[in-house]
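Next come a sequence and a model predicted from it.
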Amino acid sequence: MTRRRPPARRRTRRPSRRRQQRDAHVFAFAVGAVAVAGLVVMVVNWLLAHRWVLVVALVLAVLTGAGWLYNRQQSAQWETVRAQGLRYGLPQLDGLHHTRFEDAVRDLMQRDGCRDAQRVGGRGDLGADVKATDPFGRRWVIQCKHRRDGARGSAVGTPDLQVLNGTARQVHGADVAVIVTNGRVTGPAVAFARQQRLHVVDRQTLAAWAAGSRPLWEVLRAVPPPRRETPLS
């Protein structure tokens with residue numbers, strides 16, 4: 001007779017290290033969740049037993065929110081007053097660096113109600129130093145030409161207007177294309193601007209705009225009509 005061999009014992013595989021780590025993480029998470037839940041229950045029970053703490057916390061939250069809202073309203077009112085009262089004189093503008101002159105033009109547009117006014121001048125600006133949308137939906141593209149010597153500096157000529165004319169509408173989508181300078185503008189440049197429906201803000205016009213309270217579209221002539229109806233229309 002042939003003897004049957006006893007069945008071979010299967011070797012039990014130990015769980016891999018990765019599985020052990022995963023199980024340990026799951027266990028730690030479960031313990032942490034239980035501890036947090038217990039702590040939350042303790043805190044809730046304590047607060048229910050001391051309801052005055054909830055009342056004080058609610059009052060403090062309301063006061064904090066009211067203070068934050070008040071400060072925000074005050075800041076908004078101050079910005080409105082500051083913008084409405086923004087004024088520049090020609091000597092002040094003459095003394096600016098050309099980049100600060102662009103900032104001044106941007107600030108004046110914001111004063112006039114163009115909330116999105118921004119300075120974009122620099123290398124590769126393609127003839128646009130300031131862009132803005134007025135309350136009537138018109139897109140303004142402004143090129144700034146600052147002269148350190150003011151009226152005694154070099155005059156803005158036709159080539160400067162040609163750059164603006166070539167990019168303001170085609171590249172930047174302008175409804176109103178403007179060149180602003182604290183200096184002089186040549187006669188041929190003014191004639192070219194009229195032919196091409198460009199707007200020129202020379203030294204005298206800049207003085208009236210910067211030192212006054214009227215928006216630029218009221219200072220200039222023949223500005224395109226509003227794009228949309230607004231409360232200001």
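Sure, I can see it. Numbering: from 1, shown residues only.

Next SSE downstream of the helix or strand of the chain at the bottom of the mean pLDDT ranking?
When the helices and strands of the chain are compared on mean pLDDT, DSSP states H and E, helix 51-84 comes out lowest with a mean of 70. Next helix or strand after helix 51-84 toward the C-terminus (DSSP states H and E): helix 90-94.

hmm, who's touching the next helix or strand after that next one?
Using DSSP H and E, the helix or strand that follows helix 90-94 in sequence is helix 98-111. Contacts of helix 98-111 from elsewhere in the structure, counted by CB atoms under 8 Å, 6 or more residues apart in numbering, are 83-84, 86, 88, 93, 96, 117-119, 121, 129-130, 132, 134, 140, 142, 144, 146, 180, 182, 209-210, 216. Just so you know, the C-beta spots here come from the backbone N, C-alpha and C atoms, and that holds for glycine as well.

Quick check: chain neighbours aside, which residue is closest to the residue positioned nearest the centre of the chain?
Nearest to the centroid of the C-alpha atoms of the chain, with distances taken as CA atoms, centre = their mean, sits D116, at 6.9 Å. Taking CB to CB, 6 or more residues apart in numbering as the measure, D116 lies nearest to T133, with 5.3 Å between them; neighbours along the chain are not counted.

List the contacts of the one you found.
Listed by CB under 8 Å, 6+ apart, the contact partners of T133 are C114, R115, D116, R139, W140.

Show me these that map onto strands.
Counting by DSSP state E, the part of the contacts of T133 found in strands is R139, W140.

Of the contacts of T133, just the buried ones, PyMOL syntax please.
One line in PyMOL is enough to select the buried ones among the contacts of T133; burial here means 16 or more other CB atoms under 10 Å:
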select buried, resi 114+139+140
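
From V41, how far out is A33?
Separation of A33 from V41 (CB to CB, to the nearest Å): 13 Å.

same deal with L48?
Counting by CB to CB, the separation of L48 from V41 is 11 Å.

Let me see the domain layout of the protein.
As recorded under automatic domain parsing, the domains making up the chain are 18-83, 90-219.

Which phi and psi values does the residue nearest to the centre of the chain adopt?
Recorded main-chain torsions at D116 are phi -90, psi 10, according to degrees, to the nearest 10.

same thing with K131?
Dihedral pair for K131: phi -120, psi 140, per degrees, to the nearest 10.

got it, and the one 3 residues further on?
Summarising the backbone geometry of D134 under the convention degrees, to the nearest 10, its torsions are phi -80, psi 170.

thinking again about what came up before, hey, which of the domains of the chain is tucked in deepest?
domain 90-219 (a mean of 18; mean count of other CB atoms under 10 Å).

for this protein, which spans come out with low pLDDT?
Judged against pLDDT under 70, the low-scoring parts of the chain cover residues 1-15, 70-71, 73-84, 121-125, 228-233.

export the contacts of T133 to JSON lines and tack on distance to G153?
What follows is the contacts of T133, written out as JSON lines (distance: CB to CB, whole Å):
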{"residue": "C114", "distance to G153": "28"}
{"residue": "R115", "distance to G153": "32"}
{"residue": "D116", "distance to G153": "31"}
{"residue": "R139", "distance to G153": "29"}
{"residue": "W140", "distance to G153": "25"}
